[in-house]
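[1] Give the three-dimensional model of this entry:
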Amino acid sequence: MILLIDTSNIEYFFLGLADSQCLKLQKKVKAHFEHEEKLLLNLDQLCQKANILPNSLQGIIVVDGPGSFSALRIGLAVANTLGWQLNIPVVGVHKNEFCSLEELYIVGFNLLRQKTGFSLVLPVYDKEPNINLKNK
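    Numbering: from 1, shown residues only. This is a model prediction of the structure:
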(Lines give C-alpha, C1' and ligand atoms only; values in the text may rest on other atoms or scores of the structure.)
Protein backbone atom coordinates (compact mmCIF):
# COMPACT_ATOMS: atom_id res chain seq x y z
CA MET A 1 0.00 0.00 0.00
CA ILE A 2 0.99 3.58 -0.64
CA LEU A 3 0.26 6.38 1.83
CA LEU A 4 -0.82 9.82 0.62
CA ILE A 5 -0.50 12.89 2.87
CA ASP A 6 -1.64 16.43 2.08
CA THR A 7 -1.24 18.87 4.97
CA SER A 8 -0.73 21.97 2.84
CA ASN A 9 -3.92 23.64 4.12
CA ILE A 10 -4.24 25.07 7.64
CA GLU A 11 -7.95 24.26 7.89
CA TYR A 12 -7.90 20.55 6.98
CA PHE A 13 -5.70 17.73 5.74
CA PHE A 14 -6.14 14.67 3.54
CA LEU A 15 -4.90 11.12 4.02
CA GLY A 16 -5.22 8.29 1.55
CA LEU A 17 -4.20 4.70 0.98
CA ALA A 18 -3.71 3.25 -2.48
CA ASP A 19 -2.50 0.04 -4.04
CA SER A 20 -0.65 -0.15 -7.35
CA GLN A 21 -3.94 0.27 -9.22
CA CYS A 22 -5.94 3.05 -7.56
CA LEU A 23 -6.85 5.01 -4.45
CA LYS A 24 -8.62 2.66 -2.02
CA LEU A 25 -9.38 4.81 1.04
CA GLN A 26 -9.30 8.53 1.69
CA LYS A 27 -10.06 10.77 4.61
CA LYS A 28 -10.49 14.53 4.93
CA VAL A 29 -9.95 15.82 8.45
CA LYS A 30 -10.88 19.28 9.70
CA ALA A 31 -7.78 20.42 11.55
CA HIS A 32 -7.83 24.24 11.92
CA PHE A 33 -4.24 24.56 13.16
CA GLU A 34 -4.39 21.17 14.96
CA HIS A 35 -2.49 19.04 12.46
CA GLU A 36 0.01 17.89 15.10
CA GLU A 37 -2.77 16.60 17.36
CA LYS A 38 -4.80 14.90 14.64
CA LEU A 39 -2.49 13.59 11.92
CA LEU A 40 -1.05 10.46 13.54
CA LEU A 41 -4.35 9.54 15.20
CA ASN A 42 -6.18 9.71 11.88
CA LEU A 43 -3.38 7.88 10.08
CA ASP A 44 -3.70 5.06 12.61
CA GLN A 45 -7.48 4.97 12.15
CA LEU A 46 -7.10 4.82 8.36
CA CYS A 47 -4.63 1.93 8.60
CA GLN A 48 -6.96 0.07 10.97
CA LYS A 49 -9.88 0.58 8.59
CA ALA A 50 -7.77 -0.83 5.74
CA ASN A 51 -6.57 -3.62 8.04
CA ILE A 52 -2.89 -2.90 7.38
CA LEU A 53 0.11 -2.18 9.57
CA PRO A 54 2.26 0.88 8.81
CA ASN A 55 5.27 -1.40 8.24
CA SER A 56 3.49 -2.86 5.19
CA LEU A 57 3.63 0.50 3.38
CA GLN A 58 5.61 0.44 0.15
CA GLY A 59 5.90 4.18 -0.44
CA ILE A 60 4.68 7.62 0.62
CA ILE A 61 3.43 10.48 -1.53
CA VAL A 62 3.36 13.80 0.32
CA VAL A 63 2.44 17.32 -0.76
CA ASP A 64 5.62 19.36 -0.32
CA GLY A 65 4.10 22.79 -0.91
CA PRO A 66 3.38 25.48 -1.32
CA GLY A 67 1.52 25.90 1.93
CA SER A 68 1.52 26.90 5.56
CA PHE A 69 4.84 26.58 7.39
CA SER A 70 3.50 24.58 10.34
CA ALA A 71 1.08 22.43 8.36
CA LEU A 72 3.71 21.41 5.77
CA ARG A 73 6.35 20.85 8.44
CA ILE A 74 4.10 18.40 10.28
CA GLY A 75 3.09 16.44 7.18
CA LEU A 76 6.63 16.22 5.87
CA ALA A 77 8.03 15.26 9.28
CA VAL A 78 5.61 12.34 9.47
CA ALA A 79 6.25 11.28 5.85
CA ASN A 80 10.04 11.54 6.14
CA THR A 81 10.16 9.78 9.51
CA LEU A 82 8.02 6.86 8.31
CA GLY A 83 10.00 6.64 5.08
CA TRP A 84 13.34 6.64 6.90
CA GLN A 85 12.21 4.12 9.53
CA LEU A 86 10.67 1.75 6.98
CA ASN A 87 13.34 2.43 4.30
CA ILE A 88 10.68 3.13 1.68
CA PRO A 89 10.60 5.84 -0.98
CA VAL A 90 9.00 9.20 -0.18
CA VAL A 91 8.18 11.59 -3.00
CA GLY A 92 6.99 15.17 -2.83
CA VAL A 93 4.41 16.63 -5.18
CA HIS A 94 3.69 20.34 -5.61
CA LYS A 95 0.13 21.44 -4.90
CA ASN A 96 -0.22 22.97 -8.39
CA GLU A 97 0.35 19.55 -10.05
CA PHE A 98 -2.99 18.04 -9.00
CA CYS A 99 -6.62 18.94 -8.20
CA SER A 100 -7.77 15.89 -6.21
CA LEU A 101 -6.36 13.09 -4.08
CA GLU A 102 -6.79 10.76 -7.07
CA GLU A 103 -4.62 13.04 -9.22
CA LEU A 104 -2.07 13.34 -6.39
CA TYR A 105 -1.85 9.54 -6.44
CA ILE A 106 -1.36 9.39 -10.22
CA VAL A 107 1.38 12.06 -10.25
CA GLY A 108 3.08 10.66 -7.15
CA PHE A 109 2.87 7.01 -8.23
CA ASN A 110 4.79 7.79 -11.42
CA LEU A 111 7.52 9.39 -9.28
CA LEU A 112 7.53 6.51 -6.79
CA ARG A 113 8.16 3.94 -9.52
CA GLN A 114 11.47 5.66 -10.27
CA LYS A 115 12.76 5.44 -6.68
CA THR A 116 14.10 2.82 -4.35
CA GLY A 117 14.81 3.30 -0.66
CA PHE A 118 14.40 6.43 1.40
CA SER A 119 15.26 9.95 0.26
CA LEU A 120 14.37 13.11 2.16
CA VAL A 121 11.62 15.42 0.86
CA LEU A 122 12.00 19.12 1.66
CA PRO A 123 9.14 21.63 1.96
CA VAL A 124 8.33 24.46 -0.44
CA TYR A 125 6.82 27.28 1.58
CA ASP A 126 4.50 29.89 0.06
CA LYS A 127 6.30 32.88 1.60
CA GLU A 128 9.43 33.89 3.44
CA PRO A 129 9.55 33.02 7.16
CA ASN A 130 8.29 35.68 9.55
CA ILE A 131 10.83 35.63 12.36
CA ASN A 132 10.61 38.31 15.01
CA LEU A 133 13.37 39.09 17.43
CA LYS A 134 12.34 39.23 21.05
CA ASN A 135 12.15 42.75 22.43
CA LYS A 136 14.51 43.46 25.31
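[2] Tell me which residues are up against the worst-scoring helix or strand of the chain on mean pLDDT.
    Ranking every helix and strand in the chain by mean pLDDT, DSSP states H and E puts helix 101-112 at the bottom, with a mean of 88. Contact with helix 101-112 is made by 2, 4, 6, 14, 16, 18, 20, 22-23, 26, 59, 61, 63, 89, 91, 93, 97-98, as judged by CB atoms under 8 Å, 6 or more residues apart in numbering. For every residue, glycine as well, the C-beta is placed using N, CA and C.
[3] same thing but 10 Å
    By CB atoms under 10 Å, 6 or more residues apart in numbering, the surrounding residues in contact with helix 101-112 are 2, 4-6, 14-18, 20-24, 26-28, 58-63, 88-95, 97-98, 100.
[4] how about it: buried residues?
    101, 104-109, 112 (16 or more other CB atoms under 10 Å).
[5] just stretch 116-128 next, same as before
    Buried residues in stretch 116-128 (16+ other CB under 10 Å): 118, 121, 123-124.
[6] hey, where'd the helices end up in the chain?
    35-50, 69-86, 101-112 (DSSP state H).
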